[in-house]
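[1] Predicted model and sequence below, questions to follow.
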Amino acid sequence: MSNAAVKRIGVLTSGGDAPGMNAAIRSVVRTAMNKGIECIGIRRGWSGLINGDFVRLNSDSVSHIINKGGTILYTARCPEFLDREGRAKAIATCKMLGIDGIVAIGGDGTFRGALALTRQIAETGYNLSVVGVPATIDNDIGCSNYTIGFDTAANTAIECIDKLRDTMQSHERCSVVEVMGRHAGFLALYVGISVGATAVLIPEREVDFDRDVVEKIRSARLAGTTHFMIVVAEGAGSAVEIGRRIHDEIGIDPRVTVLGHIQRGGAPTGRDRETASRMGYEAVNALLAGKGNRVIGTKEGSLVDLDMEEALAMVKNLEMYRYDVLEALSPSGT
Ligand code: ADP
């Protein structure tokens, strides 16, 4: 599909928020402005397109946000967008405003919405492309090695767990910390390796409580350790329940911490700001090059743009060797 004459683009953030989304918005707006393209911010994800909830953006609108967590455009989940009727309203907004390109910053769900929208709008003869920019703290998007927000979330969790470790070490206690990751353990495993966890539980690996928790604590104790850190991804089980089982099975009294949404906030790290800046730039360039529906991704450190449909079919598997690394670095009594 050729879409060489892009004149007015929309930018939105959708789905779960991630630190670095603001840096991506700033990059999209500044890149567009510097190329003489008008930019419209769509508020609250796809629901903003349905409701005509927009704001005109210029270079000044995105000043002083590169360092801010959250998203100035707000984000939302929008069940109405799953239906043709909902998308028909969004199409009406695009036509009304003369939007001929959209940069959608979000996760897989956001890109699915983008594809559904562009297919439906094409039926009306209107030419609209959407370029997706992957942003989710879970880093679980198949087409991209890296997603905006992961580094910040991981560092937030690491900082919190380091603090917990100080008190756990002083009192010789066991800590069970639940980190985000309903379907993916990238964050939990990365954090677990970084804090030197006694055990990490992730959704990708079936939990054998005796092998994965009890024996891990036991061998650490036999090696002389008197405090233990169990990191659990929310999709692998409830930290409260795991704490209770530890108590019941080996008689120690763990302290449970659920980090929750704290992991979604805070100033983005340099990695997230820089990646978001490059991705936003590439997204606008892809629109201007008339490349059709694309998703920006990272591959071996470089940025690539992929056909959106193909990108959505890609799967990223957790590298299980990371588990081997975690285990290889456990204290040993022998
Ligand atoms: P994320 O983008 O973080 O994966 P969600 O999965 O919640 O977040 O998706 C964000 C929004 O994208 C949804 O609330 C919905 O509006 C839209 N969306 C998701 N899947 C589809 C789909 N199959 N068709 C149309 N819209 C969708």
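    Yes, it's here.

[2] Now the residue nearest the centre of the chain: closest residue in space, sequence neighbours ignored.
    Closest to where the C-alpha atoms of the chain average out (C-alpha atoms, centre = their mean) is residue 136, at 0.9 Å. Nearest residue to residue 136 in three dimensions, chain neighbours excluded: residue 107, at 4.2 Å (C-beta to C-beta, 6 or more residues apart in numbering). Backbone N, C-alpha and C define where each C-beta goes, glycine included.

[3] which bits of the stretch 51-200 of the chain sit near the ligand?
    Within the stretch 51-200 of the chain, the positions near the ligand by C-beta under 6 Å from any ligand atom are 77-78, 81-82, 106-110, 112-113, 116, 136.

[4] between these, which is closest to residue 250?
    Lowest distance from residue 250 to those (C-beta to C-beta) belongs to residue 136, with 35.8 Å.

[5] residues contacting that closest one?
    Counting by C-beta atoms under 8 Å, 6 or more residues apart in numbering, residue 136 touches 15-16, 18, 106-107, 147-150.

[6] From those, which land in strands?
    Using DSSP state E, residue 106 are the members of the contacts of residue 136 that sit in strands.

[7] Redo the contacts of residue 136 as TSV? Include neighbour count and pLDDT.
    As requested, the contacts of residue 136 are arranged in TSV below (neighbours: other C-beta atoms under 10 Å; pLDDT from 0 to 100):
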residue	neighbour count	pLDDT
15	22	95
16	21	95
18	33	98
106	31	98
107	22	96
147	28	97
148	31	98
149	31	98
150	26	98
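
[8] Looking at the contacts of residue 136, which is nearest residue 72?
    residue 18 (13.7 Å).

[9] how about that closest one, what does it touch?
    Counting by C-beta under 8 Å, 6+ apart, residue 18 makes contact with 135-137, 147-150, 152-153, 264, 272.

[10] mind redoing it with 7 Å?
    By C-beta atoms under 7 Å, 6 or more residues apart in numbering, the contact set of residue 18 is 135-137, 148-149, 264.

[11] thinking again about what came up before, please check the residues of the stretch 51-200 of the chain next to the ligand and keep the buried ones.
    Among those, the ones that count as buried by 16 or more other C-beta atoms under 10 Å are 78, 81, 106-110, 112-113, 116, 136.

[12] Which pair in those residues has the greatest spatial separation?
    Farthest pair in those (C-beta to C-beta) is 116 and 136. Separation: 19.1 Å.

[13] which element is residue 130 on?
    Taking DSSP states H and E as the definition, residue 130 sits inside strand 129-134.

[14] In helices, which of the residues of the stretch 51-200 of the chain next to the ligand appear?
    Per DSSP state H, helices hold the following members of those: 108-110, 112-113, 116.

[15] Closest one to the ligand out of the residues you listed, please.
    When these are ranked by distance to the ligand (C-beta to the nearest ligand atom), residue 109 comes first, at 2.0 Å.

[16] nearest residue to the closest one other than its sequence neighbours?
    Per C-beta to C-beta, 6+ apart, closest to residue 109 is residue 15, 5.2 Å.
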